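> mind looking at a prediction? Sequence and model below.
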Amino acid sequence: MNASRSVAIWDPLVRIFHWSVATLVMLNYWLLDDDPHEWAGYTVAALLTLRLIWGFASRHLAGAHNARFATFFPTPARIRHHLQQLRTRQFDPREGHNPLGALMILLMMLLMAVIAVSGWMQGLDAYWGEDWVQNLHSYSADALMVAAAIHVVAVLAMSRYADLPLIRTMISGRRPLPPAAEQ
């Protein structure tokens, strides 16, 4: 990909967070038990904490524009603008998360936090064997899997509808610019 014909979208920290969390969550949900499950959960919690810090601190760092929560927080005006983009099929190739994608990202981050805290609580004497804590952990994990499935389907659909290589962009960090957007 010619660097003059592409733009940086996702910095390395965001990409490492995304693929690491996706892998660990899937492993934890489908394969891991006992200590490996716990340590994978602690790792996801640590990655989530790092991403939250990065989402607020990155405003002071060059090159992390799309990592900032302020740039993609789904305000009513941003949602209206995105709905207009959907109608006209004209999308800014420099944009990271659109507002609807941002809602999903925020939901998945919230679910990961609930899963991490409820998982940690299960190891405390005060909550040992408490059904509501186990149910919260289990139902939140199920909800995260549903949200992740919707996220993947939406990414595939938007990639096709908007003609944007969203998956390749999350791998490389860069997105090609159409000739009209290069100016």
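Looks like it came in fine.

> identify each buried residue in stretch 128-146, please.
For stretch 128-146, the neighbour count (16 or more other CB atoms under 10 Å) marks V133, L136, H137, S140, A141, A143, L144 as buried. No exception for glycine: its C-beta is placed from N, CA and C like everyone else's.

> scratch that, stretch 161-172
For stretch 161-172, by 16+ other CB under 10 Å, it's A162, L164, P165, L166, T169, M170, S172.

> got the end-to-end distance for that stretch?
Stretch 161-172 has an end-to-end distance of 21 Å (CA to CA, to the nearest Å).

> gap between it and the chain center?
What separates the centre of stretch 161-172 from the centre of its chain is 14 Å, taken as CA atoms, centre = their mean, to the nearest Å.

> in this structure, what helix or strand scores lowest on average pLDDT?
Least confident element among the helices and strands of the chain, by mean pLDDT, DSSP states H and E: helix 69-72 (a mean of 88).

> ok, residues contacting that helix?
With CB atoms under 8 Å, 6 or more residues apart in numbering as the test, helix 69-72 has contacts from 55-56, 59, 65-66, 78, 96-99, 101-102, 105.

> among those residues, who's most crowded?
N98 (24 neighbours; other CB atoms under 10 Å).

> if I look at R87, how far off is A113?
34 Å (CB to CB, to the nearest Å).

> which of the two has more residues huddled nearby?
More neighbours surround A113 than the other of R87 and A113, with 16 against 8 (other CB under 10 Å).

> just give the closest residue to that one, not the sequence neighbours.
With sequence-adjacent residues excluded and distances taken as CB to CB, 6 or more residues apart in numbering, A113 is closest to L48, at 6.3 Å.
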